[in-house]
Each structure stands twice: as C-alpha cells, then as structure tokens.
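In: Just need the structure, nothing else, for what follows:
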Amino acid sequence: MSTGSTNALIGLGANLGDARGTIIQAVAAIARFEATTFVACSSHYSTAPLGYEDQPPFVNAVAKFATFLAPHVLLDNLQELERQYGRQRSFPNAPRTLDLDLLLYGSTVLSSPTLTLPHPRMCERAFVLIPLVEICPSIEIPGRGRASEHLAQVVRQHVVRLAERDES
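Out: Alright, predicted model coming up:
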C-alpha cells in the first residue's frame, strides 16, 4: 500500500464453531476490503472468557492492516463481516462466532457514540496485549504509552499460544 495509508490494528476472537478457521477466514476477508492491505497477523491464542464465564474458551489474535478507509468506514465493514459470520449481540460478553475490534487506527484518538480509539479496554486484556506486542513489539498506545508496559497488569489472565495449524 502506498504512503498515506494508516495502520489499523484489529483484534479478532471467536469461540463458537471452528474458531481458528473463522479467524483465518476473517483476516483474509478484511484484506479484501477496498483500499486495505494485510500486513501481519499474530499467533492464535486460547483464552478464558471474561465477564460471562459459562462458555467455551476463545481463540484470539491481532492483525495489522494498512488502509485508506476512514475509521468509521472500517468499523462499519468489520461489523458487516461479523454479521456475515452470524454474530449476535444477545447480551454482554456472550459467546460469539466472530468478534472484531478496531483497537488502534494509527495514532488517532477519537470518542464518538459508535467508536472509541484507542479501544477503551485494550490495556486490560491479555488476549489483546500479548498478540499485539507479538506483531508490534514497540507499539505506542496513544495516551497510554507502550503496549508492552501494560503486560504486567494482565499476567494472571489465562492466555495460551496455540501451536501452528497445518493448513495444507
């Protein structure tokens, strides 16, 4: 992607159906968004659910894309992709077929009724910070410092790196 694009970091998660397969497919689908190019994806991690705990563990990852889409347009596209995968928002922290969170959009700081950047809870979640630091070790979270500096706060959250999956 040429200069002028913005790096967008997207958190991916799922715990219903083939969660790993869904995350792989979702990364490929995001890379097909208009004016958007795939840059990197973290390993996949098995994580314990937060909030509502009576559900299967999640598979989580973070992916980086270069995009010319405006943040709200990117968010709309991500939410449409969630709908295509059958995402239902029945109650907070419910099990889900696909969850896509726009974590960072360059160094943008934004607070609107539909989008807050950086993602307001990203520094409280090991399932976000660990894969984020894996692909962007020195990334700065606007107004909050380096992502790696927040890892000590989430060390007790259950996050296990999954072995690479044979895609052949």
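
In: so where is this protein shaky, pLDDT-wise?
Out: Along the chain, the parts satisfying pLDDT under 70 run over 1-3, 165-168.

In: All the strands of the protein, in order from the start?
Out: Counting by DSSP state E, the chain has these strands, from start to end: 6-14, 36-41, 45-47, 58-67, 99-105, 110-111, 116-117, 140-141, 145-146, 159-161.

In: Surely residue 57 and residue 44 touch.
Out: No. The pair residue 57 / residue 44 is not scored as a contact, 11.6 Å apart, by CB atoms under 8 Å. Every C-beta, even on glycine, is put in place using the N, C-alpha and C of the backbone.

In: So which of the two has more stuff around it?
Out: Comparing residue 57 with residue 44 by other CB atoms under 10 Å, the one with more neighbours is residue 44, at 21 against 14.

In: Which residues outside stretch 104-120 are in contact with it?
Out: Residues from elsewhere that reach stretch 104-120, judged by CB atoms under 8 Å, 6 or more residues apart in numbering: 6-9, 11, 71-72, 74-75, 101-103, 122, 128, 139-144.

In: Only the buried residues of it, if you could.
Out: For stretch 104-120, a neighbour-count test (16 or more other CB atoms under 10 Å) marks 104-105, 115, 117-119 as buried.
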